[in-house]
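Student: 3D, please:
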Amino acid sequence: MDGLILYLQASAYLATIAGVIVVFIAVLSYYQNRSIRKEEIEKERVKDSVKILKRFSGEILPEIKKYETEWVSRFDQAKLSIVNNEFTKNTNSYELSQENNENLRILTKIASGADTIFSEFEQISIYINYDLVKENLVFPVVKESLIQFVKQNTDVYSWQYKHHHSFNNMKMLLEKWDYTP
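Tutor: The predicted structure follows:
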């Protein structure tokens, strides 16, 4: 009987030691898997950053260049059309009021694609704000263009903000970058 008790005690000790080893291996495996998952997430963020940069340089920058040349000529054409309008000639008014001039400027900027560009920047801002990309890769390229575009088109930004689209993510990103339009 004493032999059986010793055998059961030895078995219990071995089971306890085996249990501790299994728990240790499980914890170690968990940390290794967590580390691997972090690396995978980081690689995904880098890939998404490259996609954003490719989209930015391949699509958004050309849109901005096209917009910058297009809106001024559209504005001049629209203004000339209004001034040459029969009604305007009859009133002997060859100038637009400041308010009408500003409204015409905003409408021609929107017709030339400013709202589309702002929407593109809004999408990029979502990626940056929610850490879906590596900000240190995207920041140097996007920051200056975004701030410059907002500065040059504050009238459209304000109008869009009031009437159609609040650009909350872009606004949050600009504030994060210490710029307030």
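
Student: report the buried residues of stretch 102-116.
Tutor: 104-106, 108-110, 112-115 (16 or more other Cβ atoms under 10 Å). Quick note: C-beta positions are derived from backbone N, CA and C, even for glycine.

Student: using CSV, write out every CA atom in that stretch.
Tutor: Output of stretch 102-116 as CSV, limited to C-alpha atoms (Å, rounded to 0.1, in the frame of the first residue of the first chain):
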residue,chain,number,x,y,z
GLU,A,102,-16.2,85.2,-54.8
ASN,A,103,-19.2,82.9,-55.5
LEU,A,104,-18.1,82.5,-59.1
ARG,A,105,-14.6,81.8,-58.0
ILE,A,106,-15.8,79.0,-55.6
LEU,A,107,-18.1,77.5,-58.3
THR,A,108,-15.4,77.4,-60.9
LYS,A,109,-12.9,75.9,-58.5
ILE,A,110,-15.5,73.2,-57.6
ALA,A,111,-16.3,72.6,-61.3
SER,A,112,-12.5,72.3,-61.9
GLY,A,113,-12.2,69.5,-59.3
ALA,A,114,-11.3,71.1,-56.0
ASP,A,115,-14.0,69.1,-54.2
THR,A,116,-12.7,65.8,-55.6
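
Student: average pLDDT for it?
Tutor: Across stretch 102-116, pLDDT averages out at 93.

Student: same check, this time on stretch 167-181
Tutor: pLDDT averaged over stretch 167-181 gives 89.

Student: low pLDDT regions in the chain?
Tutor: Residue ranges of the chain with pLDDT under 70: 86-95.

Student: circling back to that earlier point, turn the buried residues of stretch 102-116 into JSON lines, including distance to residue 12.
Tutor: Shown next, in JSON lines, are those (distance: Cβ to Cβ, whole Å):
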{"residue": "104", "distance to residue 12": "89"}
{"residue": "105", "distance to residue 12": "86"}
{"residue": "106", "distance to residue 12": "82"}
{"residue": "108", "distance to residue 12": "86"}
{"residue": "109", "distance to residue 12": "81"}
{"residue": "110", "distance to residue 12": "79"}
{"residue": "112", "distance to residue 12": "81"}
{"residue": "113", "distance to residue 12": "77"}
{"residue": "114", "distance to residue 12": "77"}
{"residue": "115", "distance to residue 12": "74"}
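
Student: which one of those is nearest residue 63?
Tutor: residue 113 (6.1 Å; Cβ to Cβ).

Student: thinking again about what came up before, which of the buried residues of stretch 102-116 fall within helices?
Tutor: Among the buried residues of stretch 102-116, DSSP state H puts 104-106, 108-110, 114-115 in helices.
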